[in-house]
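1. following is a predicted model, sequence given first.
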Amino acid sequence: MTLLLLACAPVDQAYVVGIADLQVEPRTLDFGALRWGETAELSLSLQNADSRTADIGLELKGRGFTVERRSLELASGEEAEVAVWFTPYAEADATGEILVTVDELLVRVELQAATVVD
């Protein structure tokens, strides 16, 4: 839930309360160029910088990509690595994204890969 406080603030200020503080790195995962039959793995780092426990959702969009898990819980200050894989599925570049969500916060992580054909 998000609470926007305006009544006691000066006209040019607003205070937002209740948005989770989640650090997500990197914001782009580039798997480079892979040949048919190869699989590459990269890691996504998540850190809960909030004082509350975070229930995190990971929604994957894009063909050829796989994510280790779809959800996890991180206590305050805790961090985790989530594996992401790419396996070529067509003779074309691949793009996708992971939507990382917690409370009202949405972070997009771009996914990129290419397929090399011999």
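-> Yes, it's here.
2. what residue ranges in this protein score low on pLDDT?
-> Applying pLDDT under 70 to the chain flags residues 1-19.
3. at 50 instead, please
-> Along the chain, the model assigns pLDDT under 50 to residues 1-17.
4. just how off-centre is the strand ranked longest in it within its chain?
-> The longest strand of the chain (DSSP state E) is strand 105-116. Here strand 105-116 is found 9 Å from its chain centre; the criterion is C-alpha atoms, centre = their mean, to the nearest Å.
5. list the strands paired with that strand, with their directions.
-> Using DSSP bridges, strand 105-116 pairs in its sheet with strand 28-35 (parallel), strand 94-102 (antiparallel).
6. would a markdown table of these with mean neighbour count be doable?
-> Glycine gets a C-beta too; all of them are placed from N, C-alpha and C. As requested, the strands paired with strand 105-116 are exported to a markdown table (neighbours: other C-beta atoms under 10 Å):
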| stretch | mean neighbour count |
| --- | --- |
| strand 28-35 | 14 |
| strand 94-102 | 18 |
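7. beta-bridge partners for Ile98, please?
-> Leu60, Val109.
8. how much space separates the most centrally placed residue in the chain from Val109?
-> Closest to where the C-alpha atoms of the chain average out (C-alpha atoms, centre = their mean) is Val100, at 4.0 Å. Applying C-beta to C-beta, to the nearest Å, the value for Val100 to Val109 is 6 Å.
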